[in-house]
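Visitor: predicted model and sequence follow; I will ask about them next.
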Amino acid sequence: MTRVALAFSGGLDTTVCVPLLEEEWGYDEVVGVTVDVGQPAEEFAEAAETAEALDLEHYVVDAKDEFAAMCMDSVRANATYQGYPLGTALARPVIAEAILDVAIEQDCDAVATAVRARATTSCGSKPSGALPTSTSSPPCANSA
């Protein structure tokens, strides 16, 4: 059985990824992972409600302390982008590490995200030249 841990917000992109990862990419199970770095409680309610509607195994990881430590390191280093602190960007490695931890704990074969980036396709879209056509994993999944 193949399992994939999906960075899961419960929003449109990640909700669409669940059936795509199962139906188009052949994963037997999708595990949703929501990482708490201090965002509003409504975001967790939306993720939990959507996960329940999709009958999705769902985990919430409290990473506020790790995020705060990373932010303090960045303040000490004066890390900014055009004069603004890098809070949003700094959360990314904390979130990625928390999702990977759940993927390993839950014996997942891969991790996935619905995040779109330049020169890549969003989760579930088959590559159109961005990746080799022989790839057996979606562009949004990486081996855990």
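Guide: Ah, there it is. Quick caveat, the model's predicted, so the values are computed rather than measured.
Visitor: which residues are contacting the longest helix along the chain?
Guide: Secondary structure of the chain per DSSP state H: the longest helix is helix 87-105. Contacts with helix 87-105, where a contact means CB atoms under 8 Å, 6 or more residues apart in numbering, come from 4-5, 7, 31, 33, 35, 37, 59, 61, 63, 66-67, 70-71, 74, 79, 81, 108, 110-111, 144. Glycine gets a C-beta too; all of them are placed from N, C-alpha and C.
Visitor: how far does it sit from the chain's center?
Guide: Once both centres are worked out by CA atoms, centre = their mean, to the nearest Å, helix 87-105 turns out to sit 8 Å from its chain's centre.
Visitor: can you give me the buried ones in the next helix or strand after it?
Guide: Next along the chain after helix 87-105, taking DSSP states H and E as the criterion, comes strand 110-112. If you call a residue buried by 16 or more other CB atoms under 10 Å, then strand 110-112 has these buried ones: 110-112.
Visitor: helices or strands up against strand 110-112?
Guide: Other elements packing on strand 110-112 under the criterion 3 or more CB pairs under 8 Å, 6 or more residues apart in numbering; DSSP states H and E are strand 3-7, helix 87-105, strand 141-143.
Visitor: partner strands of the first one, with direction?
Guide: Strand 3-7 has the following sheet partners, assigned by DSSP bridges: strand 29-36 (parallel), strand 110-112 (parallel).
Visitor: show the average pLDDT along the last one.
Guide: In this case it means strand 110-112. Strand 110-112 comes out with an average pLDDT of 91.
Visitor: please tell me how far Val33 sits from His58.
Guide: Noted for Val33: a distance of 8 Å to His58, by CB to CB, to the nearest Å.
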